[in-house]
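Undergrad: How does the following fold in three dimensions:
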Amino acid sequence: MGHTRTSITLRNPRRRDLLPVTVEALVDTGALTLCIPEHLAAKLQLEMDSADWRRATMADGRLQDVPYVGPVEVSFGNRRCYGGTLVMGDEVLLGAVQMEDLDLIVVPSHRRVVVNPASPDFPSALVKRQGHAA
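TA: Numbers count the residues shown, from 1 in each chain. As a prediction, this is how the structure comes out:
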(Lines give C-alpha, C1' and ligand atoms only; values in the text may rest on other atoms or scores of the structure.)
Protein backbone atom coordinates (compact mmCIF):
# COMPACT_ATOMS: atom_id res chain seq x y z
CA MET A 1 0.00 0.00 0.00
CA GLY A 2 2.87 2.41 0.66
CA HIS A 3 3.22 5.39 2.94
CA THR A 4 0.74 8.23 3.21
CA ARG A 5 2.02 11.77 3.60
CA THR A 6 0.13 15.01 3.92
CA SER A 7 0.83 18.69 4.31
CA ILE A 8 0.08 20.20 7.73
CA THR A 9 0.88 23.55 9.28
CA LEU A 10 2.39 23.83 12.75
CA ARG A 11 2.43 26.92 14.94
CA ASN A 12 3.40 27.86 18.46
CA PRO A 13 0.15 29.42 19.75
CA ARG A 14 2.06 31.14 22.55
CA ARG A 15 4.25 32.95 20.02
CA ARG A 16 1.91 34.48 17.43
CA ASP A 17 4.81 36.67 16.28
CA LEU A 18 6.47 33.58 14.76
CA LEU A 19 5.46 32.41 11.32
CA PRO A 20 3.73 29.04 11.06
CA VAL A 21 5.66 26.20 9.43
CA THR A 22 4.13 24.01 6.73
CA VAL A 23 5.60 20.50 6.55
CA GLU A 24 5.01 17.16 4.86
CA ALA A 25 4.07 14.71 7.59
CA LEU A 26 4.15 10.95 7.51
CA VAL A 27 0.65 9.80 8.49
CA ASP A 28 0.64 6.87 10.89
CA THR A 29 -2.74 5.79 12.28
CA GLY A 30 -0.88 3.21 14.36
CA ALA A 31 1.05 5.92 16.21
CA LEU A 32 -0.82 7.79 18.89
CA THR A 33 0.65 11.25 18.88
CA LEU A 34 2.38 13.92 16.87
CA CYS A 35 6.17 13.69 16.68
CA ILE A 36 8.47 16.42 15.38
CA PRO A 37 12.26 16.59 14.94
CA GLU A 38 14.33 18.70 17.32
CA HIS A 39 15.17 21.32 14.67
CA LEU A 40 11.46 22.00 14.14
CA ALA A 41 10.81 22.32 17.89
CA ALA A 42 13.63 24.90 17.97
CA LYS A 43 12.23 26.78 14.96
CA LEU A 44 8.80 26.96 16.64
CA GLN A 45 10.55 27.98 19.89
CA LEU A 46 8.86 25.23 21.87
CA GLU A 47 10.58 25.05 25.24
CA MET A 48 12.06 21.69 26.19
CA ASP A 49 11.78 21.44 29.96
CA SER A 50 13.81 18.60 31.41
CA ALA A 51 10.81 17.62 33.58
CA ASP A 52 8.50 17.07 30.61
CA TRP A 53 9.55 13.77 29.09
CA ARG A 54 7.61 10.75 27.92
CA ARG A 55 8.63 7.14 27.49
CA ALA A 56 7.89 6.21 23.87
CA THR A 57 7.66 2.67 22.54
CA MET A 58 9.31 2.41 19.14
CA ALA A 59 8.01 0.21 16.32
CA ASP A 60 10.66 -2.40 17.14
CA GLY A 61 9.61 -2.51 20.82
CA ARG A 62 12.50 -0.43 22.20
CA LEU A 63 11.67 2.14 24.88
CA GLN A 64 13.09 5.63 24.51
CA ASP A 65 12.68 8.66 26.75
CA VAL A 66 11.95 11.76 24.64
CA PRO A 67 11.07 15.41 25.31
CA TYR A 68 7.39 16.36 25.32
CA VAL A 69 6.61 19.99 24.40
CA GLY A 70 3.63 22.14 23.62
CA PRO A 71 1.22 23.47 23.02
CA VAL A 72 1.42 23.08 19.26
CA GLU A 73 -1.32 24.19 16.89
CA VAL A 74 -1.82 21.70 14.03
CA SER A 75 -3.77 22.87 10.97
CA PHE A 76 -5.11 20.93 8.01
CA GLY A 77 -7.40 22.72 5.56
CA ASN A 78 -10.14 24.48 7.51
CA ARG A 79 -9.34 22.63 10.75
CA ARG A 80 -6.98 23.04 13.66
CA CYS A 81 -6.26 21.40 16.98
CA TYR A 82 -3.93 21.97 19.90
CA GLY A 83 -1.84 19.62 21.97
CA GLY A 84 1.56 18.37 22.92
CA THR A 85 4.16 16.69 20.75
CA LEU A 86 7.04 14.31 21.23
CA VAL A 87 10.40 15.61 20.02
CA MET A 88 12.09 12.76 18.19
CA GLY A 89 13.02 11.40 14.80
CA ASP A 90 14.01 13.07 11.56
CA GLU A 91 10.56 13.83 10.14
CA VAL A 92 7.11 14.90 11.28
CA LEU A 93 4.78 12.05 12.18
CA LEU A 94 1.03 12.74 12.34
CA GLY A 95 -0.58 10.32 14.78
CA ALA A 96 -4.09 9.11 15.56
CA VAL A 97 -4.81 11.63 18.35
CA GLN A 98 -4.45 14.61 16.01
CA MET A 99 -6.22 12.76 13.18
CA GLU A 100 -9.22 12.20 15.47
CA ASP A 101 -9.13 15.73 16.84
CA LEU A 102 -9.07 17.19 13.32
CA ASP A 103 -11.65 14.60 12.15
CA LEU A 104 -9.51 13.45 9.23
CA ILE A 105 -9.55 10.13 7.43
CA VAL A 106 -7.01 8.26 5.33
CA VAL A 107 -8.06 7.11 1.86
CA PRO A 108 -5.72 4.13 1.43
CA SER A 109 -6.42 3.54 -2.27
CA HIS A 110 -5.22 7.07 -3.06
CA ARG A 111 -2.72 7.41 -0.21
CA ARG A 112 -4.23 10.72 0.84
CA VAL A 113 -5.66 12.34 3.93
CA VAL A 114 -9.00 14.13 3.62
CA VAL A 115 -11.48 15.92 5.83
CA ASN A 116 -14.18 13.51 6.97
CA PRO A 117 -16.89 13.84 4.29
CA ALA A 118 -19.57 13.25 6.94
CA SER A 119 -18.55 16.54 8.61
CA PRO A 120 -17.10 18.80 5.90
CA ASP A 121 -17.65 22.17 7.58
CA PHE A 122 -16.01 21.54 10.96
CA PRO A 123 -14.67 18.58 12.94
CA SER A 124 -17.07 16.33 14.76
CA ALA A 125 -16.24 14.24 17.80
CA LEU A 126 -17.72 11.18 19.43
CA VAL A 127 -17.99 12.14 23.07
CA LYS A 128 -20.18 9.40 24.43
CA ARG A 129 -21.54 6.22 23.04
CA GLN A 130 -25.28 5.89 23.56
CA GLY A 131 -27.13 2.65 23.98
CA HIS A 132 -24.00 0.66 24.70
CA ALA A 133 -24.69 -2.30 26.95
CA ALA A 134 -22.02 -3.34 29.39
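Undergrad: so R79 bridges to which residues?
TA: Note on R79: beta-bridge partners F76, judged by DSSP bridges.
Undergrad: Kindly state the pLDDT recorded for it?
TA: pLDDT, R79: 96.
Undergrad: ditto for the one 3 residues further on
TA: Predicted confidence (pLDDT) for Y82: 96.
Undergrad: which residue ranges form the strands in the chain?
TA: With DSSP state E as the criterion, the chain has strands at 4-11, 21-27, 35-36, 53-57, 63-76, 79-87, 92-94, 104-107, 112-115.
Undergrad: Could you report the distance from the most centrally placed residue in the chain to P71?
TA: The centroid of the chain falls nearest to L34 when counting by Cα atoms, centre = their mean (3.4 Å). Per Cβ to Cβ, to the nearest Å, L34 is found 11 Å from P71. In short, each C-beta sits where N, CA and C put it, glycine included.
Undergrad: Need the overlap of contacts for these two.
TA: Listed contacts common to L34 and P71 are 83-84; contacts here mean Cβ atoms under 8 Å, 6 or more residues apart in numbering.
Undergrad: Show the contacting residues for C81.
TA: Counting by Cβ under 8 Å, 6+ apart, C81 has contacts 73-74, 98, 101-102, 123.
Undergrad: Now do the contacts for the closest residue to H3 other than its chain neighbours.
TA: Distances taken as Cβ to Cβ, 6 or more residues apart in numbering place L26 nearest to H3, at 6.1 Å, with adjacent residues excluded. For L26, the contact set (Cβ under 8 Å, 6+ apart) comprises 3-5, 91-94.
Undergrad: Out of these, flag the one nearest to Y82.
TA: Ranked by distance to Y82 (Cβ to Cβ), the contacts of L26 are led by L94 at 14.5 Å.
Undergrad: list the contacts for that closest one?
TA: With Cβ under 8 Å, 6+ apart, L94 has these contacts: 6, 8, 25-28, 34, 74, 113.
Undergrad: hmm, back to that, with E47 as the reference, name the closest of the strands of the chain.
TA: It is, among the strands of the chain and with distance given as Cβ to Cβ, strand 63-76, at 6.5 Å.
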